[in-house]
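> all I have is the shape, not the residue letters:
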Ligand SMILES: Nc1ncnc2c1ncn2[C@@H]1O[C@H](COP(=O)(O)OP(=O)(O)OP(=O)(O)O)[C@@H](O)[C@H]1O
Ligand SMILES: [Mg+2]
């Protein structure tokens, strides 16, 4: 589907430019993201890879503005499907995008699910939130046809703005039995949709699972529930944060196939975050390698695996290639820096085998070397003004 080249201006679907993000903490400021740049095309499966703590989750949470309150974004723009800068739009507009156009499969299946809600209600919550009006209109029509007093209540709900997903009205709406053909299933229409979505993600016995609580499911099933929640509103972009770390190898393969099928059947674009280069090789069209809050390299997956340019990416690739040769795993010497006092210039310079004087003095810019292959390294850049 994708040609592996970076998107032209007309093709840009998601674009992050010069994103700088800090966290204020007791000890000072953690300077996490330092000028992140990346762009995706529609229908692309794009991977973000990097060691733990390099800022993968924070980058993607910035897109939907789900960051802790100590986060400060000093600079940068994020545009999506021709939108204004997502970092600046009002919260109610963002709420319409979140879950409906962009959804996230979170990293921790257990903590992202609500332990007190049935699976069906968690999968259906987004549908209720984003399609509530359509559902209420359908309810009014049916109630009027049957002369039911529920028509009035539906109308009142329709006239009331929903303030937040936890508002009393939403809770009430969830409890209203839609008096129509749905009554052979418990409680409401969004639960019916939930069962169908659970079926779509390959959940065995979806009717039964729908009525269970998260603790009753296995890790792999909970991961599927998270995927079902992300799919519920048929978003244009799914962000999958470590979608397979919590599950066994067989379930991993099923989940990857599910993501591929989703792109094939619905053209959904997928941003996959992982430490796992094997997963990137298997499903991604392009990949971005991150190091300590900076982009090291971006390009077509085959290009990056066969011709890595950045010394950090080369280290990563050597580490995996050696596994096959039965040699000792070659580690990159040194540790990931502490971002309270990040290294100046290129943040990889204290560990870099090719370090030069300029590397600690100035940050390189992201240079396009061949079509679509970009690298952030002084080895490939002339020092000018
Ligand atoms: N609320 C916060 N306050 C302070 N620092 C934070 C906060 N959230 C994240 N960080 C720091 O930001 C950095 C990036 O975190 P992030 O979760 O994005 O890493 P990651 O690449 O997703 O790692 P992993 O692979 O382990 O999931 C880390 O150093 C982390 O400690
Ligand atoms: Mg993470």
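Yep, it's here. Predicted model, so just to flag it, every value in this text is computed and none were measured. Ligands and ions are numbered 1, 2, ... in the order given.
> avg pLDDT for the helix ranked longest in the chain?
Ranked by number of residues, the top helix in the chain under DSSP state H is helix 119-145. Helix 119-145 carries an average pLDDT of 78.
> which residue ranges form the helices in the stretch 101-250 of the chain?
Applying DSSP state H, counting those that start in this stretch to the stretch 101-250 of the chain gives helices spanning 109-112, 119-145, 150-159, 168-175, 189-200, 206-210, 219-231, 249-266.
> wait, which of those is closest to residue 348?
Taking Cβ to Cβ, helix 249-266 is the member of the helices of the stretch 101-250 of the chain nearest to residue 348, at 29.5 Å. Any C-beta I mention is one placed from the backbone N, CA and C, and that applies to glycine too.
> re the thing from before, so how far is the longest helix of the chain off the chain centroid?
Put simply, helix 119-145 sits 26 Å off its chain's centre (Cα atoms, centre = their mean, to the nearest Å).
> got a list of contacts for stretch 86-100?
Stretch 86-100 is contacted by residues 62-66, 73, 76-80, 83, 126, 129-130, 232-233, 235 when judged by Cβ atoms under 8 Å, 6 or more residues apart in numbering.
> likewise stretch 193-202?
Contacts of stretch 193-202 with the rest of the structure, by Cβ under 8 Å, 6+ apart, involve 119-121, 123-124, 127, 185, 206-207, 209-210, 224-225, 227-228, 231-232, 254, 258.
> picking that back up, pick the most deeply packed of the helices of the stretch 101-250 of the chain.
Among the helices of the stretch 101-250 of the chain, helix 219-231 has the highest mean neighbour count (mean count of other Cβ atoms under 10 Å), at a mean of 24.
> which SS class is residue 72?
Here residue 72 takes the strand state, with states given by DSSP: H, G, I helix; E, B strand; the rest coil.
> and if you look at residue 36?
strand.
> just the buried subset of the contacts of stretch 86-100, written out for ChimeraX, thanks.
Per 16 or more other Cβ atoms under 10 Å, the buried members of the contacts of stretch 86-100 correspond to this ChimeraX selection:
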select :62,63,64,65,73,76,78,79,80,126,129,130,232,233,235
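> what about the contacts of stretch 86-100, which are in strands?
73, 76-80 (DSSP state E).
> tell me the one among those nearest to ligand 1.
residue 73 (13.0 Å; Cβ to the nearest ligand atom).
> per-domain residue ranges of the protein.
1-43+54-88+286-385, 112-222 (automatic domain parsing).
> could you check how far residue 106 is from residue 61?
Distance of residue 106 to residue 61, given as Cβ to Cβ, to the nearest Å: 9 Å.
> also residue 233?
To residue 61, residue 233 is 19 Å away according to Cβ to Cβ.
> check the stretch 101-250 of the chain for the residue nearest ligand 1 and tell me.
residue 107 (6.0 Å).
> now the stretch 151-300 of the chain
residue 275 (5.6 Å).
> look at that residue and report its pLDDT.
84.
> doesn't residue 50 make contact with it?
Yes. With contact defined as Cβ atoms under 8 Å, residue 275 reaches residue 50; the gap is 7.4 Å.
> show me which of the two is the more surrounded one.
With neighbours defined as other Cβ atoms under 10 Å, residue 275 and residue 50 compare such that residue 50 has more, 24 against 14.
> distance check, that one against ligand 1.
Distance check for residue 50 against ligand 1: by Cβ to the nearest ligand atom, to the nearest Å, it reads 6 Å.
> what sits against that residue?
Residue 50 is in contact with 56, 275, 289-291, 296, counting by Cβ under 8 Å, 6+ apart.
> just to be sure, residue 335 is in a helix?
No. Looking at residue 335 with three-state DSSP, it is coil, so not inside a helix.
> what's the burial count for it?
There are 9 residues near residue 335, going by other Cβ under 10 Å.
> how about the residues of the stretch 251-385 of the chain by ligand 1?
275, 339 (Cβ under 6 Å from any ligand atom).
> low-confidence ranges, the stretch 251-385 of the chain, go.
For the stretch 251-385 of the chain, the stretches with pLDDT under 70 are 320-331, 384-385.
> which parts of it are strands?
Applying DSSP state E, counting those that start in this stretch to the stretch 251-385 of the chain gives strands spanning 269-274, 286-291, 294-300, 367-370, 373-375.
> hmm, who's touching the first one?
Outside of strand 269-274, the residues within contact range by Cβ under 8 Å, 6+ apart are 13-14, 40-49, 56-57, 60, 107, 236-245, 259, 262-263, 279-280, 283-284.
> likewise for the last one?
Applying Cβ under 8 Å, 6+ apart, the contact partners of strand 373-375 are 6, 295-300, 303-304, 307, 309-310, 366-369.
> for residue 36, give me its contacts.
16, 18-19, 55, 59, 76, 290, 293-295.
> give me the pLDDT for it.
96.
> excluding residues flanking it in the chain, which one is nearest it?
residue 19 (4.1 Å; Cβ to Cβ, 6 or more residues apart in numbering).
> is that neighbour in contact with residue 73, as I believe?
Yes. Here residue 19 reaches residue 73: they are 7.1 Å apart, a contact under Cβ under 8 Å.
> hey, what's in contact with both of these two?
residue 62.
> if we can go back for a sec, max pairwise distance over the contacts of residue 50: which two?
Across the contacts of residue 50, the two members that end up farthest from each other (Cβ to Cβ) are 275 and 296, 14.3 Å apart.
> contacting residues around the residue nearest the centre of the chain?
Nearest to the mean C-alpha position of the chain, by Cα atoms, centre = their mean, lies residue 239 at 2.0 Å. Residues near residue 239 by Cβ under 8 Å, 6+ apart: 60, 63-64, 102-105, 270-271, 273.
> now those residues as TSV including distance to residue 140?
Putting these into TSV (distance: Cβ to Cβ, whole Å) gives the following:
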residue	distance to residue 140
60	39
63	36
64	32
102	30
103	28
104	33
105	34
270	37
271	38
273	42
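> now a PyMOL select for only the buried ones of the residues you listed.
With 16+ other Cβ under 10 Å as the criterion, this PyMOL line picks the buried residues out of the contacts of residue 239:
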select buried, resi 60+63+64+102+103+104+105+270+271+273
